[in-house]
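> Following is a predicted model, sequence given first.
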Amino acid sequence: MHRALCPVETLYVGQRSRAVLSCALRGPVDVAALSAAYDAMTEAHPGLRSRIERDGTGHLLRLLDGDERPRLVTRSGDEEAAYAAELNRPLTVGGPLSRAVLVSAPDGDSHLFVLVIDHTVTDGHSSIALHNALWDHYRALVDGEPADDGSGVRWPEPVSRLLPPADEADTAKYLDGRLEEVRRHPVALVPYDTATGDGTGPEGRIEVRRLTLDADLTARLRRTARDAGVSVHALIAATLLATARRRLDGDGPRTLGCLSPVDLRSRLSPPVPAAALVPAVTTHLQTLEVGEESEPLELARTVHGRLGDFLARGDHFHEMRITPEIPRTPALQLATVIATNMGVVPGPRLPDGLRALDVRLVPAREQYFPQAGRSPLMACVVSFEGRLSIEFPHSTACFSPAFMRAFRDDVRAGLLRFATAAEPGRADAVTA
């Protein structure tokens, strides 16, 4: 069986990008039950057990044979080393579009579960929903409760086919406007700061610098946003822009771009549930003049207002319709900073005796183009169980670990200023 990819989904084929979810666990894990839970997920979501094939000028998803479908991989080892290895291990070309790995410490009490999914068949929201559904199934098996067996092939409908009707002339006019905008306002990108002599080779390796705020500081950041009439996303985007500007030369303002992914699921009629394993994201690109002395809160108000206007006009639907134009005109999505926004999401519910110590979502891809000399900086933002986490994935062939640590630390300092603005007190942030 197979399903053709729509033009929007096809865009992800060349990117070879993937969502990497991980969960650090403490307590006993029933490997047989976890394996069965993963099998149930791959049965319920055929994209997880499919390969990508060419189909004329397009591509399609084709179900793998039984002996080719992905199975849970288990091994012993160090969790930190295992995470780095899985982050850097691509999904096999022509193989399944998902991978699940459980790495256990020699004592059998500490574990790392890693779930990798190709972005051709998922986005941040659906990958998180899948991860939680897998653990729901595991819990039911361990507790002896009824569990959905996930039987049946249910290909999700591409989101691009669920958009409201539109006049082709209106879409063409929107595209013309976007092309003119990127022509008139080319954005500055942060130059690479590469490590030398680190033994990683010309392609480098993927590393992640991380920033987390505890529940109290996260709540304070939300209060600051509410009192200022903006979103937490706007505060983070403004902080990223101000931090990036300090990495650019020149004394005056520079034109910077902020790319905000926009979830379409709740904006479609009927809404598409998070459990539908399909990419359902478009983007909003805005350019701002940012100087070294720009006030971050004013930047946040601009970001917030423009994103709100974009949604109010319904331009997010137009943006999805013009996505096939991006390979021909990459500037349509070229930004100084990319700030994702998963919002507040629940962590997995586990059986008694097993605890989730940490949950992470990090995007990764095959090619970071070190030859370009500069690129956007990515910040993956999500709040698991009310605790803000920002992941900064990067290739060491482009940005050195020292550079990214300093960038992360500057973003942390900016967010702490927001979080403690109204209620000065402790400023406890965790970094990695």
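Perfect, I can see it now. Since this is a predicted model, take the numbers as computed values, not measurements.

> For the stretch 201-350 of the chain, which segments count as helices?
Chain-ordered helices for the stretch 201-350 of the chain, with DSSP state H, counting those that start in this stretch as the definition, fall at 215-228, 232-245, 296-312, 315-321.

> for the longest one, packing partners?
When you say that, I think you mean helix 296-312. Secondary-structure packing of helix 296-312 (3 or more Cβ pairs under 8 Å, 6 or more residues apart in numbering; DSSP states H and E): helix 215-228, helix 232-245, strand 254-263, strand 281-290, helix 401-419. Every C-beta, even on glycine, is put in place using the N, C-alpha and C of the backbone.

> got TSV for the ones you listed, with distance to Tyr38 too?
Supplementary listing: the helices and strands packed on helix 296-312 in TSV, determined by distance: least, Cβ to Cβ, whole Å:
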stretch	distance to Tyr38
helix 215-228	30
helix 232-245	32
strand 254-263	26
strand 281-290	25
helix 401-419	32
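
> Correct me if wrong: Ser22 contacts Phe113.
Yes - in this structure Ser22 lies within contact range of Phe113 using Cβ atoms under 8 Å: 6.8 Å.

> Between the two, which has more neighbouring residues?
Between Ser22 and Phe113, Phe113 has the larger neighbour count (other Cβ atoms under 10 Å), namely 25 against 22.

> To which secondary structure element is the more buried one assigned?
Assigned by DSSP states H and E, Phe113 falls within strand 110-118.

> same deal with Pro363?
Here Pro363 is covered by strand 355-365, with elements defined by DSSP H and E.

> Tell me which strands that strand pairs with, and in which orientation.
The pairing partners recorded for strand 355-365 under DSSP bridges are strand 17-26 (antiparallel).

> So for the partner strand, what gets flagged as buried?
Using 16 or more other Cβ atoms under 10 Å as the burial criterion, the residues of strand 17-26 that qualify are Arg18, Ala19, Val20, Leu21, Ser22, Cys23, Ala24, Leu25.

> how far off strand 110-118 does that strand point, in degrees?
Between the axes of strand 17-26 and strand 110-118, defined by axes from the mean of the first three to the mean of the last three Cα atoms, to 10 degrees, the angle is 160 degrees.

> Can you say which of the helices and strands packed on helix 296-312 is nearest to Leu72?
The minimum distance between Leu72 and those falls on strand 281-290, with 27.8 Å, by Cβ to Cβ.

> Can you name the residues in contact with the closest one?
Outside strand 281-290, the residues within contact range by Cβ atoms under 8 Å, 6 or more residues apart in numbering are 123-124, 181-182, 185, 187, 241-242, 244-245, 253-264, 299, 302-303, 306-307, 310, 315-317, 319-320, 323, 332-335.

> Give me the sheet partners of it and which way each runs.
Here strand 281-290 has these sheet partners by DSSP bridges: strand 254-263 (antiparallel).

> quick one: average pLDDT of the strand it pairs with?
Taken as a whole, strand 254-263 has an average pLDDT of 97.

> Now do it: distance to the chain's middle.
With Cα atoms, centre = their mean, to the nearest Å as the basis, the distance from the averaged C-alpha position of strand 254-263 to the chain average is 15 Å.

> Then stretch 364-378?
Distance of stretch 364-378 from its chain centroid, counting by Cα atoms, centre = their mean, is 15 Å.

> now do the same end-to-end measure for it.
Between the opening and closing residues of stretch 364-378 lies a distance of 10 Å (Cα to Cα, to the nearest Å).

> show me what contacts Cys340?
One correction, residue 340 is Thr, not Cys. In this structure, Thr340 makes contact with Gly124, Ser260, Pro261, Pro363, Met378, Ala379, Cys380, Val381, Val382, judged by Cβ under 8 Å, 6+ apart.

> Which one (most neighbours) among those residues?
Looking at the contacts of Thr340 with neighbours defined as other Cβ under 10 Å, the largest count falls to Gly124 at 26 neighbours.

> Can you tell me which helix or strand of the protein has the lowest average pLDDT?
Each helix and strand of the chain was given a mean pLDDT (mean pLDDT, DSSP states H and E); the minimum falls on strand 429-431 at a mean of 56.

> show me what contacts the residue nearest to Met41 when sequence neighbours are not counted?
Counting by Cβ to Cβ, 6 or more residues apart in numbering, the nearest residue to Met41 once its immediate chain neighbours are dropped is Leu134, at 5.1 Å. Residues near Leu134 by Cβ under 8 Å, 6+ apart: Ala37, Tyr38, Ala40, Met41, Ala100, Leu115, Pro348.
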